[in-house]
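Participant: can't give you the sequence, but here's the structure:
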Ligand SMILES: Nc1ncnc2c1ncn2[C@@H]1O[C@H](COP(=O)(O)OP(=O)(O)OP(=O)(O)O)[C@@H](O)[C@H]1O
């Protein structure tokens with residue numbers, strides 16, 4: 001399968017912090033929506049900013065469309081649509097003014113597409129951007145990211161601050177974006193149900209280290225969470241244990257092959273939220 005983005009052994013530390021990205025590696029194929037999941041401070045934004053070159057990486061390589069990313073390459077901003085929590089859009093401008101600005105900035109800017117999303121998101125045309133609510137600003141950032149024919153979208157918490165209808169609209173738009181299998185998305189969100197809805201691949205990160213990279217369908221089909229007593233826990237082949245956490249006298253265990261522990265399964269299905277909690281809060285064998 002053709003790869004849009006390939007991140008290999010990415011490392012990044014900060015001078016005044018103990019945090020470091022520790023050999024982060026993953027790839028995004030054409031047609032993928034990759035959900036990037038981790039607690040506050042796990043390293044999601046650091047990874048995304050390193051990809052975009054807004055942060056200097058310490059080491060590792062990042063390839064886009066098969067070529068090593070050059071942060072100074074002006075085409076990079078055309079090829080990647082970006083939505084971050086704190087997009088600094090010029091506050092005194094209205095959407096009508098902004099269109100003129102973006103026509104000048106992006107080589108493949110598409111007015112019709114922008115108008116389409118502005119209408120879909122019910123954004124006001126004549127209000128100054130600085131008077132937009134947080135949700136409106138987020139929608140505007142998404143509309144911009146979707147209107148310059150980018151091949152890759154990097155969305156950091158893009159659904160945060162949106163009401164349920166707005167989130168649903170946005171998730172539909174993102175699914176449409178990759179439908180033709182000629183584009184891809186990296187999406188971080190603390191709302192794991194959003195990720196569960198649209199992502200086909202998942203990356204779990206904690207303390208700068210990737211804990212698990214997996215196809216969503218495989219995770220939901222083959223993995224399981226068990227609650228077992230000490231004796232049962234000892235019985236489980238430890239190679240199957242992805243994470244475990246003490247729960248009173250019992251232990252909650254995330255296993256990678258439900259069929260091998262079928263006799264211990266009491267509940268058949270699990271949300272990505274439940275799996276995330278055990279991965280983040282639990283220990284590894
Ligand atoms: N400029 C900086 N200088 C020093 N430390 C930083 C800087 N930016 C981020 N960090 C630290 O790096 C770690 C990872 O932060 P990062 O923003 O990448 O996490 P995140 O997974 O995006 O978190 P969140 O979900 O809260 O947005 C945190 O411990 C944070 O304090």
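Facilitator: Right, received. Where do you want to start? The structure displayed is predicted, hence computed values, not measured ones.
Participant: next to the ligand, which bits of this protein? Give me the list.
Facilitator: 14, 16-17, 19, 38, 40-46 (CB under 6 Å from any ligand atom). Every residue, glycine included, has its C-beta placed from N, CA and C.
Participant: which of these sit farthest apart?
Facilitator: Greatest spatial distance among the residues of the chain next to the ligand (CB to CB): 16 and 38, at 21.2 Å.
Participant: between the two, which is the more surrounded one?
Facilitator: Taking other CB atoms under 10 Å, residue 16 and residue 38 do not tie; residue 38 has more neighbours (24 against 5).
Participant: residue contacts, that one?
Facilitator: Taking CB atoms under 8 Å, 6 or more residues apart in numbering, we find residue 38 in contact with 44, 188, 204-206, 280.
Participant: relative to the ligand, which of those is nearest.
Facilitator: Closest approach to the ligand among the contacts of residue 38 (CB to the nearest ligand atom): residue 44, at 3.5 Å.
Participant: what's near enough to touch that closest one?
Facilitator: 36, 38, 156, 188, 205.
Participant: need the pLDDT of the third one.
Facilitator: Going back to what we said before, that points to residue 156. We note a pLDDT of 94 for residue 156 in this prediction.
Participant: now, the contacts of residue 38 that are in strands?
Facilitator: Mapping the contacts of residue 38 onto strands (DSSP state E) picks out 188, 204-206.
Participant: I'd like these as a markdown table, with distance to residue 245, neighbour count and pLDDT appended.
Facilitator: Below are these laid out as a markdown table (distance: CB to CB, whole Å; neighbours: other CB atoms under 10 Å; pLDDT from 0 to 100):
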| residue | distance to residue 245 | neighbour count | pLDDT |
| --- | --- | --- | --- |
| 188 | 24 | 26 | 96 |
| 204 | 15 | 23 | 97 |
| 205 | 18 | 26 | 97 |
| 206 | 13 | 18 | 96 |
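Participant: need the residues that contact stretch 118-136.
Facilitator: Residues outside stretch 118-136 that contact it (CB under 8 Å, 6+ apart) are 89-96, 98, 137, 139-140, 142-143, 161-163, 166, 169, 173.
Participant: try it again with 10 Å
Facilitator: Residues outside stretch 118-136 that contact it (CB atoms under 10 Å, 6 or more residues apart in numbering) are 85, 87, 89-99, 115, 117, 137-140, 142-144, 147, 159-163, 165-167, 169-170, 172-173.
Participant: kindly report the same for stretch 51-61.
Facilitator: Residues from elsewhere that reach stretch 51-61 (CB under 10 Å, 6+ apart): 5-14, 20-21, 23-25, 28, 45-50, 62, 64, 68-73, 76-77, 80, 82, 84, 152, 154, 186.
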